[in-house]
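> test case, fold it:
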Amino acid sequence: MTKKIMLILLSVALVSLLAACNEVKDEESQGAPAAEARMPAPAAPAGWTGEIVETMNSGGYTYIQLDTGKEKIWAAAPETEVEVGQKVSVPQGMMMKDFPSSTLNRTFDEIWFVSGFYPEGQMPTAGTADKPTGGMGAMTSPHGGAMGGSVGSSHNKVPDAQVSGVEKVAGGYDIAGIYADKAGLAGKTVKVRGRVVKFTPRVMGTNWIHIQDGSGSGETADLTVTSSAEVQAGDLVVVEGTLEVDKDFGAGYKYSAIIENAKVTKE
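Take a look at the predicted model:
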């Protein structure tokens, strides 16, 4: 009788052990895909390295088509001496889609505007002094500042021109008010009057306008506007368009507030 009880107990224990093993295997097989699903997506590349297969200079820029061995990309940087067959590294910058180049009389489906072309394998890092290949200097921003080196909002700064005598437009805002209430105005249409203190045409497919009205100070004295309109420094204008806040285009184009694709009326 004792032997029979022991055999029964051993049988029960064996069955339980086998069941437990099967559960562990099931959990492992189910857990593997879940673990893969939790893995972060690969980070975007810091740039590309490859061989120049086409190049041209126009409008103060050098355009290259780079063959990385996996893909071909177009990139543009301030004019420098490069040649077909040369191997270079290209950092990421600002990518523009359907970019029209009037000087080349062509439209690029996609093109990267970058700080420079660098010797193969010598990609710059943020905060370091950039030394592009061919002795090229830093890339010029739409604000007249340098785009080389670390990325930051310093590229966007235009000195306070001490503008005065500009009255707030009816039904609109002054520049200080836009900055003060930018969180509530984000994505909304705003209207503002200002004096043009800087105008840079045809950069990255648009014109860049800086206006001031004397209402702000320091970083809130100047407001950036993009538009197809052409103006000149000294013009008094009324700007109307969508306000974007904390906009980061990359490559040093960072804005606390910017009015994009604006309607600009000279007064």
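> how far away is residue 63 from residue 261?
Taking CB to CB, to the nearest Å as the measure, residue 63 falls 25 Å from residue 261. For glycine as for every other residue, the C-beta is placed from the backbone atoms N, C-alpha and C.
> settle it for me: which of the two has more neighbours?
residue 63 (21 against 12; other CB atoms under 10 Å).
> quick one: which helix or strand includes that one?
strand 61-67 (DSSP states H and E).
> the next helix-or-strand element following that strand vs strand 61-67, what angle?
Toward the C-terminus, strand 61-67 is succeeded by strand 72-78 as the next helix or strand (DSSP H and E). Between the axis of strand 72-78 and that of strand 61-67 there is an angle of 160 degrees, by axes from the mean of the first three to the mean of the last three CA atoms, to 10 degrees.
> what helices or strands is the strand holding residue 63 leaning on?
For strand 61-67, the helices and strands in contact under the criterion 3 or more CB pairs under 8 Å, 6 or more residues apart in numbering; DSSP states H and E are strand 47-58, strand 72-78, strand 87-91.
> ok, which stretches of the stretch 1-150 of the chain are helices?
For the stretch 1-150 of the chain, the helices defined by DSSP state H, counting those that start in this stretch occupy 2-38.
> let me fix that: the stretch 151-267 of the chain
So, for the stretch 151-267 of the chain - with DSSP H, counting those that start in this stretch - the helices run 175-180, 182-185.
> could you pull out the buried residues of the longest one?
Judged by neighbour count (16 or more other CB atoms under 10 Å), helix 175-180 contains these buried residues: 175, 176, 177, 178, 179.
> likewise for the shortest one?
Residues 182, 185 are the ones in helix 182-185 that count as buried (16+ other CB under 10 Å).
> and that helix, what does it pack onto?
For helix 182-185, the helices and strands in contact under the criterion 3+ CB pairs under 8 Å, 6+ apart are strand 236-250.
> name every strand pairing with the strand it packs on and say which way it goes.
Looking at strand 236-250 with DSSP bridges, its partner strands are strand 189-203 (antiparallel), strand 253-266 (antiparallel).
> which stretch among those strands comes nearest residue 48?
Proximity of these to residue 48 was assessed by CB to CB; the nearest stretch is strand 253-266, lying at 20.2 Å.
> how about that closest one as PDB, C-alpha atoms only?
These are the backbone C-alpha positions of strand 253-266, laid out as PDB (Å, rounded to 0.1, in the frame of the first residue of the first chain):
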ATOM      1  CA  TYR A 253      17.300  77.500 -37.100                       C
ATOM      2  CA  LYS A 254      15.500  77.700 -33.700                       C
ATOM      3  CA  TYR A 255      12.700  80.200 -33.000                       C
ATOM      4  CA  SER A 256      10.900  81.000 -29.800                       C
ATOM      5  CA  ALA A 257       8.200  82.600 -32.100                       C
ATOM      6  CA  ILE A 258       8.000  82.900 -35.900                       C
ATOM      7  CA  ILE A 259       5.300  83.800 -38.400                       C
ATOM      8  CA  GLU A 260       5.500  81.600 -41.400                       C
ATOM      9  CA  ASN A 261       4.200  82.100 -45.000                       C
ATOM     10  CA  ALA A 262       2.900  85.500 -43.900                       C
ATOM     11  CA  LYS A 263       1.000  88.100 -45.900                       C
ATOM     12  CA  VAL A 264       3.100  91.300 -45.800                       C
ATOM     13  CA  THR A 265       1.600  94.700 -46.600                       C
ATOM     14  CA  LYS A 266       3.700  97.800 -46.900                       C
END
